[in-house]
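> Kindly generate the corresponding structure for this input.
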Amino acid sequence: MSDAPRFSVRDVDCFEWPFGLRLPFRFGAITVTHGRQAVARLRIVLQDGRSAWGYAAESLAAKWFDKDPALSDDANVAQLRRSLEIARSLYTDQGAQTAFGHAEAAYGPALAACAAENLPPLVAGYGPALLDRAAADALGRLLGLSFWELVRRDVPGFRPQRLAPDLAGHDAPAFLASLRPLTRLDVRHTVGMLDPIVAADQSARIGDGLPETLEEVVATYGHRYFKLKVGGDVAADIDRLGRIAAVLDRIDAPYHATLDGNEQYADAEGVLELISAIALTPGLARLRTSLLFIEQPIRRGLALERDVTPITAAAPLILDESDGEVGVFPRGRALGYRGVSSKNCKGFYKSLINRMRCDIWNREQPGFFMSAEDLTTLAGLSVQQDLALVALLGLTHAERNGHHFVDGFAGRSEREAGEFLRAHPDLYHAENGKVRMRIEGGQVAIGSLGCPGFACAALPDFSAMQPMPPAAWPARRTVSRTGASPS
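Numbers count the residues shown, from 1 in each chain. Prediction:
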């Protein structure tokens, strides 16, 4: 869209609220029992004076953006708050830009400012990712366009070559126009390291009416896609996978599985040992033929150092935690990686860039793909905006775990839950007095996400939240567009 609307970002307010998990969630080196979600509210002003507010939400997740064991969970949360502070400073100082122009203008300065404060690239992308979503939401609400329409018409002024030079010479508007949003998605259920597989694994019941074991999850929701966490101990992983397979193999229809290593391996040899052990275990025969890919098994500091072709010959590998910057996927491709994850917390423009790369590369050599992964996207803004992106990218299944580990809108007001239920009755339903995600036949229906704005026809209840406190990050500095200086 050559005449993409330009706007200034005038106000950015950040809030947060706490939530508890109904089950402990073990992945990688961390067990999560509670957390906090950030909610951003942003006002844009078009050059003709019209203005609108937009909204976005994301978990303040510890031990994913930065897994340094020397940092506490509170320090990890402070990092993400600081990323939002830096993004707010940049976006409100950029003047009138297109929606993509704001993302482009902030990309380099955000990375530089965060690097000056010892904040890694994944953290640097967190704040801009939220503000880009909120800006797109505001623009869609102002123009009466859904997120899907907004992107397909190139209202953001998408010029990917400015961040990804490898896309120069390719027709970005034509790529966007070719996208066909899905209105139903398969939910890929996450099986965490501590999740009970059968009732005998539980010492006590929760008793909240939701499924608690994998066996109950399959019976209740009818899933056919599963994401299985592995922990880097081959013997323990094989034993656990065997118990999982004993449940999944009772499914009559074909099922599909992915493995998530969560950076628990130091090298390719360890991953090959796991793959070999799976192939040699008779009880895992069906699981092996159902395996779609393995997600980021190698630690991020090493994942892009060595060729992984020996692994991908047995099972496709995708990048997740290593995907901190826009140029990572091409580097991974050269080393043998076949795919990369889409997560809204990494930025929806990055997902569009990587989806465009897949289209281009697959014309030369088929087999490159994206996967939709979850960072405990909770009911409401967070999960809806992520599902809308997944649908636009044409990804037919998406990992979702927020609905399993958190009971619907638990921790938020009844007013907010009720408004989302009324606005999106295809995605939610009322059960036992609570508003919960509606999963039927292993799928979610998301047609109602095609509403003006970024996939939400209801708003969060800010009166029930706390203003986000200043980031208690000791390395904080004064942010400017040319760099950072000590404060």
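> what secondary structure does residue 21 sit in?
Following DSSP: H, G, I helix; E, B strand; the rest coil, we place residue 21 in the strand state.
> And the one 3 residues further on, by the same measure?
Secondary structure for residue 24, judged by three-state DSSP, is strand.
> again, but for residue 435
strand.
> any idea how far it is from residue 149?
27 Å (CB to CB, to the nearest Å). C-beta coordinates here come from the backbone N, C-alpha and C atoms, glycine included.
> Neighbour count for the two, which is higher?
residue 435 (25 against 15; other CB atoms under 10 Å).
> got a list of what that one touches?
The contact partners of residue 435, by CB atoms under 8 Å, 6 or more residues apart in numbering, come to 379, 408, 409, 417, 418, 420, 421, 428, 429.
> what do you get if the cut-off is 10 Å, keeping everything else the same?
379-380, 407-410, 412, 414, 416-422, 424, 428-429 (CB atoms under 10 Å, 6 or more residues apart in numbering).
> I'd like to know which of those are buried.
Among those, the ones that count as buried by 16 or more other CB atoms under 10 Å are 379-380, 407-410, 412, 416-417, 419-421, 424, 428.
> Pick out whichever of those residues sits closest to residue 112.
For the buried ones among the contacts of residue 435, the closest approach to residue 112 (CB to CB) belongs to residue 380, at 33.1 Å.
> I'd like to know how far the closest one sits from residue 74.
25 Å.
> Output the longest helix belonging to the protein.
For the chain, the helix with the greatest residue count under DSSP state H is helix 121-143.
> Please compute how far that helix lies from its chain's middle.
In this view, helix 121-143 has its centroid 13 Å away from the chain centroid, taken as CA atoms, centre = their mean, to the nearest Å.
> For the stretch 351-487 of the chain, which segments count as strands?
369-372, 397-400, 428-431, 434-437, 443-445, 466-467, 477-480, 483-486 (DSSP state E, counting those that start in this stretch).
> looking at those, which is buried most?
strand 397-400 (a mean of 24; mean count of other CB atoms under 10 Å).
> I'd like to know the average pLDDT value across that strand.
Averaging pLDDT along strand 397-400 yields 98.
> residue ranges with poor pLDDT in the stretch 1-150 of the chain?
Regions of the stretch 1-150 of the chain meeting the criterion pLDDT under 70 cover residues 1-2.
> 90 instead?
Residues of the stretch 1-150 of the chain that meet the criterion pLDDT under 90 lie in 1-2, 26-31.
> Please apply the same query to the stretch 251-400 of the chain.
262, 266, 375.
> Can I get the strands of the stretch 351-487 of the chain in JSON lines including distance to residue 156?
Formatted as JSON lines, the strands of the stretch 351-487 of the chain follow (distance: least, CB to CB, whole Å):
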{"stretch": "strand 369-372", "distance to residue 156": "19"}
{"stretch": "strand 397-400", "distance to residue 156": "22"}
{"stretch": "strand 428-431", "distance to residue 156": "28"}
{"stretch": "strand 434-437", "distance to residue 156": "29"}
{"stretch": "strand 443-445", "distance to residue 156": "26"}
{"stretch": "strand 466-467", "distance to residue 156": "29"}
{"stretch": "strand 477-480", "distance to residue 156": "24"}
{"stretch": "strand 483-486", "distance to residue 156": "27"}
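> Which of the contacts of residue 435 fall in helices?
414, 416, 417, 418, 419, 420, 421, 422.
> Closest to residue 348 out of those residues?
Using CB to CB, those come closest to residue 348 at residue 420, 20.8 Å.
> you'd agree the closest one is up against residue 382?
No. Look at residue 420 against residue 382 with CB atoms under 10 Å: they stay out of range, at 11.5 Å.
> so what sits against both of the two?
Joint contacts of residue 420 and residue 382 (CB under 10 Å, 6+ apart) are 456, 460.
> all helices for the stretch 51-200 of the chain, in order.
In the stretch 51-200 of the chain, the helices defined using DSSP state H, counting those that start in this stretch lie at 73-91, 99-116, 121-143, 147-152, 172-178.
> The ones you listed: which one's closest to residue 391?
Checking those against residue 391 by CB to CB gives helix 147-152 as the closest, at 7.5 Å.
> from the chain's centre, how far out does that closest one sit?
So, by CA atoms, centre = their mean, the centroid of helix 147-152 is 19 Å from its chain's centroid.
> Could you list every helix and strand in contact with that helix?
helix 121-143, helix 172-178, helix 348-364, helix 381-393 (3 or more CB pairs under 10 Å, 6 or more residues apart in numbering; DSSP states H and E).
> distance of the residue lying closest to residue 461 once chain neighbours are set aside from residue 460?
Distance criterion CB to CB, 6 or more residues apart in numbering; nearest residue to residue 461, sequence neighbours excluded, is residue 416 at 4.0 Å. To residue 460, residue 416 is 6 Å away according to CB to CB.
> what's the spacing between the residue nearest in space to the middle of the chain and residue 318?
The residue lying closest to the centre of the chain (CA atoms, centre = their mean) is residue 343, at 2.6 Å. To residue 318, residue 343 is 12 Å away according to CB to CB.
> Pull up the overlap in contacts between those two.
371, 373.
> if we can go back for a sec, return the member of the buried ones among the contacts of residue 435 nearest to residue 214.
Of those, the one sitting nearest to residue 214 (CB to CB) turns out to be residue 407, at 17.8 Å.
> quick one: the closest one and residue 192, what's the gap?
16 Å.
> Let's see the distance spanning stretch 138-150 from one end to the other.
Taking CA to CA, to the nearest Å, stretch 138-150 runs 11 Å from one end to the other.
> circling back: closest one to residue 368 among the helices of the stretch 51-200 of the chain?
When the helices of the stretch 51-200 of the chain are compared by CB to CB, helix 172-178 sits nearest residue 368, at 14.7 Å.
> which other helices and strands contact that closest one?
Judged by 3+ CB pairs under 10 Å, 6+ apart, helix 172-178 is in contact with helix 147-152, helix 348-364.
> just those helices: most buried one?
Scoring the helices and strands packed on helix 172-178 by mean count of other CB under 10 Å, the most buried comes out as helix 147-152, with a mean of 22.
> contact partners of that one?
Contacts for helix 147-152 (CB under 10 Å, 6+ apart): 1, 99, 133, 136-137, 139-140, 143, 145-146, 155-156, 158, 173, 176-183, 348-349, 352, 384-385, 388-389, 391-392, 449-456.
> buried subset of these?
The buried subset of those - by 16+ other CB under 10 Å - is 99, 133, 136-137, 139-140, 143, 145-146, 155-156, 158, 176, 179, 181-182, 348-349, 352, 384-385, 388-389, 391-392, 449-456.
> any idea how far the residue nearest to the centre of the chain is from residue 258?
From residue 343 to residue 258 the distance is 14 Å (CB to CB).
> likewise residue 124?
Taken as CB to CB, the span from residue 124 to residue 258 is 27 Å.
> Spit out the contact partners of the residue nearest to residue 84 when sequence neighbours are not counted.
Of all residues not flanking residue 84 in the chain, residue 127 sits nearest, at 4.1 Å (CB to CB, 6+ apart). By CB under 10 Å, 6+ apart, the contact set of residue 127 is 12, 14, 38, 40, 58, 80-91, 106, 110, 114, 119.
> Could you tell me which of those residues count as buried?
Buried among the contacts of residue 127 (16+ other CB under 10 Å): 12, 14, 38, 40, 58, 80-91, 106, 110, 114, 119.
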